[in-house]
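Chemist: dropping a prediction and its sequence here:
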Amino acid sequence: MATPAAQIPSIGSSAPAVSQQTTEAASKPKPCCVCKDEKAKRDECMLFSNAADPQKECQSTIEQYRSCMAGFGFKV
């Protein structure tokens, strides 16, 4: 027996919103794939620092990494 047309859900009305979100997500890179050099310099500074407060000593590399990530739309 055939299903009446009124009971069949319509997916056409929600498709533009879904495809727009998918397009935005596909165009935005993943956080792990950007600012690799800045992240490596930051990590190296923090890991191999002999200072009592590595965060203070590495502040400039941390800021470079943060500004790079902000350029791609990520909040660190």
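Modeler: Perfect, thanks for sending it.
Chemist: grab the nearest non-local neighbour of K41.
Modeler: T61 (5.0 Å; C-beta to C-beta, 6 or more residues apart in numbering). In this view, the C-beta of every residue, glycine as well, is placed from N, C-alpha and C.
Chemist: surely C58 touches L47?
Modeler: No: if you go by C-beta atoms under 8 Å, C58 and L47 don't touch, sitting 9.7 Å apart.
Chemist: helix or strand: which one has the residue nearest to K41?
Modeler: Using DSSP states H and E, T61 sits within helix 59-71.
Chemist: buried sites along that helix?
Modeler: 61-62, 64-66, 68-69 (16 or more other C-beta atoms under 10 Å).
Chemist: the one helix or strand R42 maps to: which residues count as buried?
Modeler: Per DSSP H and E, R42 falls inside helix 36-47. With burial defined by 16+ other C-beta under 10 Å, the residues of helix 36-47 counted as buried are 38-39, 41-42, 45.
Chemist: after that helix, which helix or strand is next? Please name it.
Modeler: As assigned by DSSP H and E, the chain's next helix or strand after helix 36-47 is helix 54-57.
Chemist: other SSEs contacting that following helix?
Modeler: Here helix 54-57 touches helix 36-47, going by 3 or more C-beta pairs under 8 Å, 6 or more residues apart in numbering; DSSP states H and E.
Chemist: what's next to the helix it packs on, contact-wise?
Modeler: 54-55, 57-58, 61-62, 64-65, 68 (C-beta atoms under 8 Å, 6 or more residues apart in numbering).
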